[in-house]
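**Student:** One predicted model, sequence on top.
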Amino acid sequence: MKKINKIFVPFVVVLTDFIFVILTFFLSFLFRYGKDIPEINFKPFKQSVFALAFIYILAFALVGLFQRRFRSHWEVFRKALIGLCLGTLFSFVFFYIFRVKLSKFPSGVFLIVVPTGTILIFLINVIIFRVSGLLKTHLIVIGENKTDNIVINRSRLETYQIDNIQDILLYKDIDEVVICDHIQDDSQLNLLIFLLNKLRINVSFSPGLYAELLSSNIEKENSLRFLATSLGRKSDHEEFFIRLLDIFGTLFLLFLTFFPMLVFGLLIKLTSKGPVFYKQQRAGKDGKIFNLYKFRTMVVNAEENTGPVLTSQKDRRVTPLGHFLRKTRIDELPQIFNVLRGQMSLVGPRPERLYFLKLHKALRGIRLAVKPGITGLAQVQNAYDLKPKHKIKYDYLYIQKRSLLLNCYILLKTVGVVLTMKGW
């Protein structure tokens, strides 16, 4: 009986959406004119109401609103919004074709139809899919899940536990994979990468496996890099909002700091010989090389005799003004231009120098799965000059838990770190 019901769900959704599109237009007229809707404007709607509803149903079908399963509320909302926008575009074409007969239809009503319809269609479709059990996430756990923080007990989560990576081939329509067992060799890793590339699903490791992966007998750097990209990928809407935060955050930061940056640039020029800005190649997402910009805080040719070394608190190469710039993190401000160009994010693992990237294996692989950041979890939790073995713990934790809310939390903590001048 339940299976038969699921088969008929798309038909129920089509019929319900047809009715709700008509309801949306009627409510939009009420919002536009109140109770006294002019007959001259309402008549074209009555003449075209069923054609309009059919146009929107066609648009919903084109964007996939009538599929048999949704993995999240966001997916339903996104398809409803896109469907309403596409349906509105089709409707404008319809009214243009029949402009002689329907010329009095108020085009301003469509400005109300899109937001109102998105909310109504989203709510009714979510109710239908939840009642029918078709709003759920399919999750595969490889190995035994012994910790609650790996697989969170979420509602609408259908979990399948398997023992071997090869068993993924037995399942279809999978959204997420959690690996709680060892990857033994290259063949298992390559199979996992093939499946991830083909199925485009989210993957995460249990924390204990990461260190083992770094020290295992798997030697293919390209494979690890591809796997890292899969692990760092979030849902489309999460990535969209994180990027939106980067853009608006950096524009706001640029507005606040533009004049102070001019002042400090002038002070750097007056107090020490050399350029105002320091440019250096760093490794970005997936190991892509880019030029990172900072205010110069050291003397010119600081590494000419020492070679690449980690900076310490009492580094003699740092200028007197440079100590202040580092302590207040002002030296990092020029990196907002790297963020605007999409090379960095406001929050993420700090971009590493190529020399240290080759020297420490822990700084490669999964740590390069996301864009580097101006600030990060390691920077707000501990000292400025963390060693690689300590950095990697915070960086991997961030990559696993990365989200819009976590980025906002780290940014707020960064404000406190800067104001109190901690960590240097």
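**Tutor:** Arrived safely. Numbers count the residues shown, from 1 in each chain.

**Student:** ok, how many other residues are close to residue 167?
**Tutor:** 13 (other C-beta atoms under 10 Å). Heads up, the C-betas are built off the backbone N, CA and C, glycines and all.

**Student:** That should have said residue 128, apologies.
**Tutor:** Around residue 128 there are 18 residues (other C-beta under 10 Å).

**Student:** Quick check: nearest residue in space to it, chain neighbours excluded?
**Tutor:** Take residue 128 and drop its neighbours on the chain: the residue closest to it by C-beta to C-beta, 6 or more residues apart in numbering is residue 13, 5.7 Å away.

**Student:** Does that neighbour lie in a helix or a strand, and which?
**Tutor:** For residue 13, the host element (DSSP states H and E) is helix 2-33.

**Student:** Please work out the average pLDDT along that helix.
**Tutor:** Taken as a whole, helix 2-33 has a mean pLDDT of 83.

**Student:** Check which helices and strands that helix is in contact with.
**Tutor:** Judged by 3 or more C-beta pairs under 8 Å, 6 or more residues apart in numbering; DSSP states H and E, helix 2-33 is in contact with helix 39-63, helix 109-131.

**Student:** Nearest approach to residue 269 belongs to which of those helices?
**Tutor:** helix 109-131 (51.8 Å; C-beta to C-beta).

**Student:** Quick check: can you name the pairing partners of the helix or strand that the closest one is followed by and their directions?
**Tutor:** Downstream of helix 109-131, the next assigned helix or strand under DSSP H and E is strand 137-142. Note on strand 137-142: by DSSP bridges, its sheet partners are strand 157-162 (parallel), strand 176-179 (parallel).

**Student:** chain center to strand 137-142, what's the gap?
**Tutor:** 21 Å (C-alpha atoms, centre = their mean, to the nearest Å).

**Student:** Alpha carbons only: can I get that strand in PDB?
**Tutor:** This file holds the C-alpha atoms of strand 137-142, laid out as PDB (Å, rounded to 0.1, in the frame of the first residue of the first chain):
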ATOM      1  CA  THR A 137      18.700  11.500   3.000                       C
ATOM      2  CA  HIS A 138      20.300   8.200   2.000                       C
ATOM      3  CA  LEU A 139      23.500   7.500   3.900                       C
ATOM      4  CA  ILE A 140      26.100   4.700   3.600                       C
ATOM      5  CA  VAL A 141      28.400   4.000   6.600                       C
ATOM      6  CA  ILE A 142      31.400   1.900   5.700                       C
END
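
**Student:** sorry, back to before: let me know the angle separating the helix holding residue 13 from helix 109-131.
**Tutor:** 160 degrees (axes from the mean of the first three to the mean of the last three C-alpha atoms, to 10 degrees).

**Student:** one step back: and the strands paired with strand 137-142, which is most packed in?
**Tutor:** Comparing the strands paired with strand 137-142 by mean neighbour count (mean count of other C-beta atoms under 10 Å), strand 176-179 ranks first with a mean of 20.

**Student:** wait, what's in contact with the residue nearest to residue 128?
**Tutor:** Contacts for residue 13 (C-beta atoms under 8 Å, 6 or more residues apart in numbering) come out as 65-66, 125, 128-129.

**Student:** Tell me the helix or strand right after the top helix by length along the chain.
**Tutor:** The residue-count maximum for a helix in the chain (DSSP state H) belongs to helix 236-271. Under the assignment DSSP H and E, the closest C-terminal helix or strand after helix 236-271 is strand 277-283.

**Student:** can you redo the strands paired with strand 137-142 as JSON lines with mean pLDDT and distance to residue 419?
**Tutor:** Output for the strands paired with strand 137-142, formatted as JSON lines (pLDDT from 0 to 100; distance: least, C-beta to C-beta, whole Å):
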{"stretch": "strand 157-162", "mean pLDDT": "70", "distance to residue 419": "41"}
{"stretch": "strand 176-179", "mean pLDDT": "73", "distance to residue 419": "39"}
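
**Student:** Can you tell me the closest non-neighbouring residue to residue 51?
**Tutor:** Using C-beta to C-beta, 6+ apart, the nearest residue to residue 51 is residue 94, at 6.7 Å.

**Student:** list the contacts for that neighbour?
**Tutor:** Residue 94 touches 48, 51-52, 55, counting by C-beta under 8 Å, 6+ apart.

**Student:** Also residue 272?
**Tutor:** Counted by C-beta under 8 Å, 6+ apart, residue 272 has contacts 296, 299-300, 319, 321-322.

**Student:** filter these to the buried ones?
**Tutor:** Buried by 16 or more other C-beta atoms under 10 Å: 296, 319, 321-322, out of the contacts of residue 272.

**Student:** among those, which two are most distant?
**Tutor:** 296 and 321 (9.5 Å).

**Student:** overlap in contacts of these two?
**Tutor:** 268, 272.

**Student:** Let me know the angle separating the strand or helix carrying residue 94 from helix 109-131.
**Tutor:** Here residue 94 sits within helix 73-97, counting by DSSP H and E. Interaxial angle, helix 73-97 versus helix 109-131 (the same axes, to 10 degrees): 140 degrees.

**Student:** Report the buried residues of helix 73-97.
**Tutor:** In helix 73-97, counting by 16+ other C-beta under 10 Å, buried: 75-88, 90-91, 94-95.

**Student:** any idea how far residue 375 lies from residue 295?
**Tutor:** 16 Å (C-beta to C-beta, to the nearest Å).
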